[in-house]
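> Fold the following, please.
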Amino acid sequence: MLADDMRRLAEEISSAYEERIKGVVAMRAADAERKRATQADLRQIADQLRTNADQLRTDLDGFKSNLDAAEADRKSATQKDLSEMADQLRADLDQFKSELDASEADRKSATQKDLSEMAEHLRARLVSFQGDLTASVAGLMGELKMDRSEAAKAWSEILSAIRSAEKKAVITGPAKVKAKAKAKAKVKTVKEAIEEEELEEGEELTSDIIELLEENPGGLRMVEIADTLGIESWRSLIPVMRQLLDEREVRKEDSTYYVK
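The predicted structure follows:
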């Protein structure tokens, strides 16, 4: 009966942890999708600007063709007509250039303003989303920490009750029950077992980092160390690298780490 309750409790804890992990993964996927949509919008704007520039060049080519045709007609006309036509063409050209300059200035001003407004809007959205994501992840981590603390407390109470009822039984963990040997084994609480496991993982990670830096005498940045070791967030290495620096296992120059 007790073993079934313990198994159900462990399954519930595992299920809750997996649901929270899925939530974090879903939020990261949504963030990536928003970034892709933003990049697609910027590419569309760039394509539109290139299209406008191509159209402007086409218009200028057409105007040049018309001007060449007018020049051919001018050569076949009288000197007076040529003079009047040249004056008219110069006036038209000056007018067109003035209108073109004004149009280009308006277009640049409008485009720059639109891009600035869009950039500010996107920056505000990203900042807001990052804040919401950070708060959400912090909430999930807080809940996980609370669940973990409550589970450790419950396991400790269960172990105390079992030790009182069965003096000959020695329980070292949630799913491990061993008979009492000649020398009485030390009973560990769930919290102690978790701390011991985290210590072993930390020592293993420290060993991996030192070994990686020995294989790369040219040094590595923290981001490169995280990528090589398959660590999702390089920020989780900050306390580990600080400990290695304090223990003089590694040295740091600018943002690059070297093995001592």
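
> What's the separation between L67 and M27?
Note on L67: its distance to M27, by CB to CB, to the nearest Å, is 60 Å. Every residue, glycine included, has its C-beta placed from N, CA and C.

> between the two, which one's more packed in?
Each of L67 and M27 had its neighbours counted (other CB atoms under 10 Å), and the higher figure belongs to M27 (16 against 13).

> So that one sits against T134, correct?
No - between M27 and T134 there is no contact under CB atoms under 8 Å: 10.5 Å.

> For E247, give its distance to T206.
Looking at E247 against T206, where the rule is CB to CB, the gap reads 9 Å.

> These two - which one has more neighbours?
Neighbours were counted for E247 and for T206 using other CB under 10 Å; T206 has more, 17 against 10.

> show me the residues around that one that make contact.
Remark: with contacts taken as CB atoms under 8 Å, 6 or more residues apart in numbering, T206 is in contact with V240, Q243, L244, E249.

> what's the longest helix in this structure?
What stands out as the longest helix in the chain, according to DSSP state H, is helix 79-165.

> That one packs against which elements?
helix 2-76, strand 169-173, helix 190-215 (3 or more CB pairs under 8 Å, 6 or more residues apart in numbering; DSSP states H and E).

> Just put these in JSON lines and tack on mean pLDDT and distance to S98.
JSON lines is the format used below for those (pLDDT from 0 to 100; distance: least, CB to CB, whole Å):
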{"stretch": "helix 2-76", "mean pLDDT": "83", "distance to S98": "14"}
{"stretch": "strand 169-173", "mean pLDDT": "44", "distance to S98": "86"}
{"stretch": "helix 190-215", "mean pLDDT": "72", "distance to S98": "66"}
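
> out of the ones you listed, which comes closest to E143?
For the helices and strands packed on helix 79-165, the distance to E143 is smallest for helix 2-76, at 7.1 Å, taking CB to CB.

> Would you check the distance separating the closest one from the middle of the chain?
From the chain centre to the centre of helix 2-76 is a distance of 16 Å (CA atoms, centre = their mean, to the nearest Å).

> Just want to check the distance between A154 and S116.
When CB to CB is the yardstick, A154 and S116 sit 57 Å from each other.

> between those two, who's got more neighbours?
Legend: neighbour count by other CB under 10 Å for A154 and S116, higher for A154 (13 against 10).

> mind listing what that one touches?
The contact partners of A154, taken as CB under 8 Å, 6+ apart, are L9.

> what about it, distance to L67?
When distances are taken as CB to CB, A154 and L67 turn out to be 90 Å apart.

> Domain-wise, how is the protein divided?
Structurally, the chain divides into domains by automatic domain parsing as follows: 2-188, 189-260.

> just the ones you listed: most buried one?
With neighbours defined as mean count of other CB atoms under 10 Å, the domains of the chain peak in mean count at domain 189-260, which reaches a mean of 14.

> distance between that one and the chain's centre?
Using CA atoms, centre = their mean, the mean C-alpha position of domain 189-260 is found 21 Å from that of the whole chain.

> correct me, but W234 touches V240?
No - checked against CB under 8 Å, the pair W234 and V240 is beyond contact range at 10.7 Å.

> and after the strand or helix carrying Q243, which helix or strand comes next?
Q243 is located in helix 238-246, with elements delineated by DSSP states H and E. Towards the C-terminus, the helix or strand next in line after helix 238-246, according to DSSP H and E, is strand 250-253.
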